[in-house]
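any chance you could fold what I've pasted below:
(one chain, ligands or ions: 1)
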Amino acid sequence: MTHHILIAGGGIGGMAAALALVDRGHDVDVYEQAPELKEFGAGVQISPNGTRALHALGVLEALQKLSCNTEGKEVRLWNTGRTWKLFDLGTEAIERYGFPYITVFRPDLLQVLVDAVRARKPDAIHLGRRATGVMQRDGRAILRFDGGKTVAGDAVIGADGVHSVIRHELFGGDSPRFFGMIAWRGVIPIERVPPHISRDKATNWIGVGGHVVHYPLRAGRLMNFVGIQERRDWQVESWTMQGTAQECANDHTGWHPDVQALIAAAPSLFKWALMGRDPLPQWTRANVTLLGDACHPTLPMLAQGAVMAIEDAVILGRCFDKYGDAATALSRYQDARIAVTTRRVAGASDNAGRFHNPALGSEDGAAAYVDREWSREAIIRRYEWIFTYNVDEVEI
Ligand SMILES: Cc1cc2nc3c(=O)[nH]c(=O)nc-3n(C[C@H](O)[C@H](O)[C@H](O)COP(=O)(O)OP(=O)(O)OC[C@H]3O[C@@H](n4cnc5c(N)ncnc54)[C@H](O)[C@@H]3O)c2cc1C
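Just a heads-up that it's a prediction; the model follows:
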C-alpha cells in the first residue's frame, strides 16, 4: 500500500526521509522554508552505522567520491601540542563494521540526497514554504503554511530541526538548557592551512575548558575547524551567526600556535551556543511524527545528530513497508528508535566532560588521562554499540 506523505523541512533528515519513502513507491512532498536549498558550509562526520544507512538509501557511493575516509586520528594537548597517535576505529572501520567512517562537507551530503530524490520525483521539493502547524482530521494529516494555505496527506513528518514547529504543535514548547559552551565553526581552503598541520588526519585537541577538532573534507580540498569553548555570555543556537576571528582567537587564548594559525586562516567563523534538551517520551501522534533534530536534538560531542536523522529515515521507510496503515508505521518507527537515540543523546552529554577536563592542565595529568580515556578498550566501550547499530536488521 502506498501513501502520500508530507515532510516539513528539507535538511539532511527531511531529504533522507523523502528518499527512503519515494524509493519505496510512496508519493512524497517536501516543504522547505528556505527559498533555495543551501546547507551550511560545515563538516559532518559519518560513523560506520551512518554510512551503512546511506548505503541502504543508495547514496553512499556517490557521496564517497566527495568525502574523506578518516585515515587516522590523533589527540593533541591544547597548550604544548603534545601528540598521541590514537588507536582509531576509523582505519579499521570497514573490516570491523563493514562500512567506513567518513568526513563530509554538509552541502555535498544534502546535494547527493536532493539529486536522488529528484531523480525519482522531479517536483518533490517545494522551496520557500514555511510550515506553521499541523492538524489531523478524518484520518488525514494536514500541514499549514505561512499565509494560511494547507495541504493534506496520509502522514506528516516534522523534520524541521531543533526549533521544530511541528514538535511544538504536537507536544508543546521545550525548555533548552544552555550548556555553558559555544561551538566555533569554520571551513578553510586547504592551501591556507600551514603545511605542518596534519591534513589527512582527524585531530582532537583537548584542554581544560575547551576542545578543538579539525579534519579534512572534499577529498582533502577543505579543512573543517570546530572549537568548543566554555563560555556563558552568548546563547544563540544558530548555524548563521557570524563571529570575528579576533573573538574566536580570544576564546582560544593560551592555545597552541597551530590552533591560532587555523583560526587566522578561516575565511569566516560562525558561533553556535550549545543547548541540552530532555528527551521526548513520545514523537508520534496518530498520522504525524518527528524525525532528526526535531525529536532528538543532541550536543555534537558524539557526532551522531545527522547520523541519527539518516538512520531514522531508513527505519521509517522500513516501517511503511511492513505496516500498511500509516499511523501504525509511525508508531512502530518511534518505538524502534526512541531508546537508542535517547542513549546516544546522553552519550554526547557525557563526552562534554571527557574532552574538557581539569586533568589536562599538566603534561603528567594529560598523559594519564589519555591512557585512560583513549585506550583501545575505552574507545570500544564508548563507540562499539553505536557503530554496530544496523538499520537493516533492527527489529521494527
Ligand atoms: C557544531 C556542530 C557540529 C556537528 N557535527 C556533527 C557530526 O560530525 N556528525 C553528525 O552526525 N552530526 C553533527 N551535528 C548535528 C547535525 O548537524 C544535526 O543533527 C543535523 O543537521 C540534523 O538534521 P535535521 O534535518 O534533523 O535538521 P536541520 O539540519 O536543522 O534541518 C531542518 C530543515 O528544516 C527547515 N525548516 C525549519 N523550520 C521549518 C518550517 N517551519 N517549515 C519548513 N522548513 C523548516 C530548515 O530550514 C532546515 O532546512 C553537528 C551539529 C553542530 C551544531
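
make it CA atoms for all contacts and neighbour counts henceforth
Fine.

so what's W184 up against?
Applying Cα atoms under 8 Å, 6 or more residues apart in numbering, we find W184 in contact with 225-228, 248, 269-272.

chain center to the host helix or strand of it, what's the gap?
If you go by DSSP states H and E, W184 is part of strand 177-189. Offset of strand 177-189 from its chain centre (Cα atoms, centre = their mean, to the nearest Å): 14 Å.

my guess is G50 meets E311, correct?
Yes. At 6.7 Å, G50 and E311 qualify as touching, with contact defined as Cα atoms under 8 Å.

partners of the following helix or strand past the strand holding W184, with directions?
Note on strand 177-189: by DSSP H and E, the next helix or strand toward the C-terminus is strand 202-206. Strand 202-206 has its sheet partners listed here by DSSP bridges as strand 73-77 (parallel), strand 210-217 (antiparallel).

could you export the contacts of W184 as JSON lines, including pLDDT, neighbour count and distance to A62?
Formatted as JSON lines, the contacts of W184 follow (pLDDT from 0 to 100; neighbours: other Cα atoms under 10 Å; distance: Cα to Cα, whole Å):
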{"residue": "F225", "pLDDT": "97", "neighbour count": "24", "distance to A62": "24"}
{"residue": "V226", "pLDDT": "96", "neighbour count": "22", "distance to A62": "26"}
{"residue": "G227", "pLDDT": "97", "neighbour count": "23", "distance to A62": "29"}
{"residue": "I228", "pLDDT": "95", "neighbour count": "26", "distance to A62": "31"}
{"residue": "C248", "pLDDT": "97", "neighbour count": "21", "distance to A62": "35"}
{"residue": "L269", "pLDDT": "96", "neighbour count": "22", "distance to A62": "29"}
{"residue": "F270", "pLDDT": "95", "neighbour count": "20", "distance to A62": "28"}
{"residue": "K271", "pLDDT": "93", "neighbour count": "25", "distance to A62": "30"}
{"residue": "W272", "pLDDT": "91", "neighbour count": "21", "distance to A62": "30"}
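
state the distance from V391 to D174.
Using Cα to Cα, to the nearest Å, V391 is found at 28 Å from D174.

more neighbours: the two, which one.
V391 (21 against 15; other Cα atoms under 10 Å).

contact partners for the more buried one?
The contact partners of V391, taken as Cα under 8 Å, 6+ apart, are 49, 52-53, 311, 314-315.

which of those has the most neighbours?
E311 (30 neighbours).

now that residue, nearest residue through space, not along the chain?
In this structure, E311 finds its nearest non-sequential neighbour in A53, 5.7 Å apart by Cα to Cα, 6 or more residues apart in numbering.

from G347, how far off is that neighbour?
20 Å.

point to the helix or strand of the chain where mean pLDDT is at its lowest.
For the chain, the helix or strand with the lowest mean confidence is strand 68-69, at a mean of 82 (criterion: mean pLDDT, DSSP states H and E).

what comes into contact with that one?
By Cα under 8 Å, 6+ apart, strand 68-69 touches 90, 100-104, 216-220.

now for the strand or helix carrying M308, which elements pack on it?
Per DSSP H and E, M308 falls inside helix 305-322. For helix 305-322, the elements it packs on are helix 12-22, strand 43-46, helix 48-56, helix 326-355, judged by 3 or more Cα pairs under 8 Å, 6 or more residues apart in numbering; DSSP states H and E.

now do H211 against the ligand, distance only.
12 Å (Cα to the nearest ligand atom, to the nearest Å).

which residues pair with that residue across the strands?
Beta-bridge partners of H211, as defined by DSSP bridges: I206, I228.

that one against I228, yeah?
Yes. When contacts are counted by Cα under 8 Å, H211 is listed as touching I228 (5.4 Å).

ok, back up a step: turn the helices and strands packed on helix 305-322 into JSON lines, including mean pLDDT and distance to the ligand.
Shown next, in JSON lines, are the helices and strands packed on helix 305-322 (pLDDT from 0 to 100; distance: least, Cα to the nearest ligand atom, whole Å):
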{"stretch": "helix 12-22", "mean pLDDT": "98", "distance to the ligand": "3"}
{"stretch": "strand 43-46", "mean pLDDT": "94", "distance to the ligand": "4"}
{"stretch": "helix 48-56", "mean pLDDT": "97", "distance to the ligand": "8"}
{"stretch": "helix 326-355", "mean pLDDT": "93", "distance to the ligand": "10"}
